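>>> no FASTA, just this:
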């Protein structure tokens, strides 16, 4: 990777305090995913540092990890914006912990609560999206903004941003009760531990560095980025003007309807159905990237091709959900067949099932096209009207795969399945 990056040890306070600025989590990043197990481990580390606050001990600070930043294309001289290429989980967690501390002391010590808000969480004189110092992905943004702004929002089952905030509120209550801490300084020691005793390594890229390559290289340093993560990164880095709209309209609903593993499986099936039936799932990102780059498109045309791919992926996700969750199928006969295949764990049938469901959808669309009058009830096709004394002659099957039928291009997997 031919990039010149600066690395330095820092603390959360040094990173986010000072002039108005914003840390933006790119569209291609994973949504917030820390569970209670990770939060509990961090809380133990925080409590250890609380005991050392005021001791002037710098040797025992706790190393939390790295944060990789790159200048945003929307950067301004008076308002720096940074893309969080790596470390968004840590930054989001620490920000939620500080929001919890602020709310814990807001009624008894509003001045301290306001200070925490302005130093770490918001840009006081900015409006709209610029008001937040940390701007998460669109999927996490509503819940995160609600907690930073102190607005009670509807709790969504499985929302990890809300769960993390509630975790810290609960732990602060337990801390006060266990320590018999009544003075604000006791809770503010937790703030000090978070902002000045948890060390980070801040890695900053320069203008012109290839952020896509930086993100990809993280997959070679022990971080567990899935094929879906890498491909999502590639897709949205190639949508500089259409990214926000495509994300809202197609990607976010797709991402919310499937787990990360299921999304990766759907991406692989899409490759198979497009003709790359020999690609292994672990090579998904490289193979799909090669397909796009071999088309030699650029500019608006390249964006249109990426958008069309994501749109098609979103459409086919409805078929895939029926394959892996047969209860979503409305036809009872087809639902029964899908359930049997699921019971048999017949994963090898997924490409064929996706193809069949796709053709059914197109057939139903043709039936509802304007100008096509529906067939009267009880009407029979002309080809079905045969005299009873002239039964249809059986057509002998020709030799060959799939009972002699021609295998369409791009579906060679059918030939191998029926040898």
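Noted; the coordinates are in hand. None of the values given here were measured: they were computed from a predicted structure. Numbers count the residues shown, from 1 in each chain.
>>> Every contact and neighbour count from this point should use C-alpha atoms.
Noted.
>>> The stretch 201-350 of the chain: helices as residue ranges?
Taking DSSP state H, counting those that start in this stretch as the criterion, the stretch 201-350 of the chain carries its helices at 211-217, 227-237, 243-246, 252-257, 260-273, 284-294, 299-324, 332-343, 350-367.
>>> Comparing those by mean pLDDT, which bottoms out?
Here the helices of the stretch 201-350 of the chain differ in mean pLDDT, and the lowest is helix 211-217 at a mean of 65.
>>> before we move on, the earlier item: between the helices of the stretch 201-350 of the chain, which gets nearest to residue 115?
helix 243-246 (32.8 Å; Cα to Cα).
>>> can you list contacts of that closest one?
For helix 243-246, contacts defined as Cα atoms under 8 Å, 6 or more residues apart in numbering pick out 27, 236, 307, 310.
>>> export the residues you listed to JSON lines and tack on distance to residue 199 and neighbour count?
Formatted as JSON lines, the contacts of helix 243-246 follow (distance: Cα to Cα, whole Å; neighbours: other Cα atoms under 10 Å):
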{"residue": "27", "distance to residue 199": "27", "neighbour count": "21"}
{"residue": "236", "distance to residue 199": "31", "neighbour count": "23"}
{"residue": "307", "distance to residue 199": "40", "neighbour count": "23"}
{"residue": "310", "distance to residue 199": "39", "neighbour count": "20"}
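>>> between those, which is nearest residue 77?
Nearest member of the contacts of helix 243-246 to residue 77, counting by Cα to Cα, is residue 27, at 23.2 Å.
>>> and residue 85, that's in a strand?
Yes. Assignment of residue 85 by DSSP: H, G, I helix; E, B strand; the rest coil places it within a strand.
>>> I'd assumed residue 25 was in contact with it.
Yes. Using Cα atoms under 8 Å, residue 85 makes contact with residue 25 at a distance of 7.3 Å.
>>> neighbours around the residue lying closest to residue 28 once chain neighbours are set aside, how many?
With Cα to Cα, 6 or more residues apart in numbering as the criterion, residue 28 has its nearest non-adjacent residue at 4.4 Å, and that residue is residue 233. Neighbours of residue 233 under the rule other Cα atoms under 10 Å: 22.
>>> From residue 227, how far off is residue 233?
For residue 233, the distance to residue 227 equals 10 Å [Cα to Cα, to the nearest Å].
>>> ok, now residue 65?
From residue 65 to residue 227 the distance is 23 Å (Cα to Cα).
>>> Repeat that for residue 33.
The value you get for residue 33 to residue 227, if Cα to Cα is used, is 17 Å.
>>> So which of the two has more stuff around it?
Just comparing residue 33 and residue 227: by other Cα under 10 Å the higher neighbour count belongs to residue 227, 23 against 13.
>>> Correct me if wrong: the more buried one contacts residue 285.
Yes. With contact defined as Cα under 8 Å, residue 227 counts as touching residue 285 (5.5 Å).
>>> All the strands of this protein, residue numbers only.
For the chain, the strands defined by DSSP state E cover 6-11, 22-24, 62-71, 81-86, 134-135, 198-204.
>>> May I see the buried residues of the longest one?
Yep, that's strand 62-71 we're talking about. 62, 66-71 (16 or more other Cα atoms under 10 Å).
>>> Each with direction, which strands does it pair with?
Using DSSP bridges, the strands paired with strand 62-71 are strand 81-86 (antiparallel), strand 198-204 (parallel).
>>> What lies in contact with the first one?
Right, strand 81-86. With Cα under 8 Å, 6+ apart as the criterion, strand 81-86 contacts 21-26, 29, 66-72, 74-75, 211, 214-215.
>>> What about residue 334, how many residues nearby?
14.
>>> re the thing from before, what would the contacts of helix 243-246 look like in TSV with distance to residue 41?
As requested, these are exported to TSV (distance: Cα to Cα, whole Å):
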residue	distance to residue 41
27	28
236	33
307	40
310	37
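>>> and which of those is nearest to residue 40?
residue 27 (27.7 Å).
>>> ok, now which ones touch the residue nearest to that closest one when sequence neighbours are not counted?
Leaving aside its sequence neighbours, residue 27 sits nearest to residue 137 (Cα to Cα, 6+ apart; 5.7 Å). The contact partners of residue 137, by Cα under 8 Å, 6+ apart, come to 24-27, 29, 31.
>>> hmm, 10 Å instead?
24-32, 88, 144, 247 (Cα atoms under 10 Å, 6 or more residues apart in numbering).
>>> Of the strands paired with strand 62-71, which stretch is the most buried?
Most buried of those by mean neighbour count (mean count of other Cα atoms under 10 Å) is strand 81-86; its value is a mean of 23.
>>> Name the residues of stretch 313-331 that are buried.
313-314, 316-324, 326, 329.
>>> okay, those residues in TSV with distance to residue 13 next?
Below are the buried residues of stretch 313-331 laid out as TSV (distance: Cα to Cα, whole Å):
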residue	distance to residue 13
313	42
314	41
316	45
317	43
318	45
319	48
320	46
321	45
322	48
323	49
324	46
326	50
329	52
